[in-house]
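*Asks:* here is the input, now give the coordinates:
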Amino acid sequence: MLVVGLALVAFGIPALVSAYSDSRRPRAAAVAFVLGGGLIALAVTSKPGGYEIGDVPEVVATVVARAIR
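*Replies:* Here you go, the predicted structure:
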C-alpha cells in the first residue's frame, strides 16, 4: 500500500502542474493526492511501529524485486 500510495502522489504532481499551466481545475491531481495520501496513511498505521523515512527505499526496492520475479 505504501508504494502504491507514493506512486499515486508522484503521478499527481505532473497532473497538478499540467492543470495549472492549462488554467484548468486539478481534479485528477486532487484525486491522486487524496487516494495516495490515504494509502500512505493506511500503510503507516497498519504496520506496528510504522515506517521511517529511511525505510522507504528498502520497501520500494522489495516491492520492485517481488514484481520482477
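*Asks:* rest of the way, CA atoms for contacts and neighbours
*Replies:* Noted.
*Asks:* distance of Val17 from Gly37?
*Replies:* From Val17 over to Gly37 the distance is 18 Å, taken as CA to CA, to the nearest Å.
*Asks:* what's the answer for Asp55, then?
*Replies:* Applying CA to CA, the value for Asp55 to Gly37 is 17 Å.
*Asks:* neighbour count winner among those two?
*Replies:* Neighbours were counted for Asp55 and for Gly37 using other CA atoms under 10 Å; Gly37 has more, 18 against 10.
*Asks:* list the buried residues for stretch 25-42?
*Replies:* Along stretch 25-42, the positions that meet the burial threshold by neighbour count (16 or more other CA atoms under 10 Å) are Pro26, Ala29, Ala30, Ala32, Phe33, Val34, Leu35, Gly36, Gly37, Leu39, Ile40.
*Asks:* and those residues as TSV, adding secondary structure?
*Replies:* Converted to TSV, the buried residues of stretch 25-42 look like this (DSSP: H, G, I helix; E, B strand; the rest coil):
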residue	secondary structure
Pro26	coil
Ala29	helix
Ala30	helix
Ala32	helix
Phe33	helix
Val34	helix
Leu35	helix
Gly36	helix
Gly37	helix
Leu39	helix
Ile40	helix
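*Asks:* can you report how many residues neighbour Ile68?
*Replies:* Residue neighbour count, defined by other CA under 10 Å, stands at 7 for Ile68.
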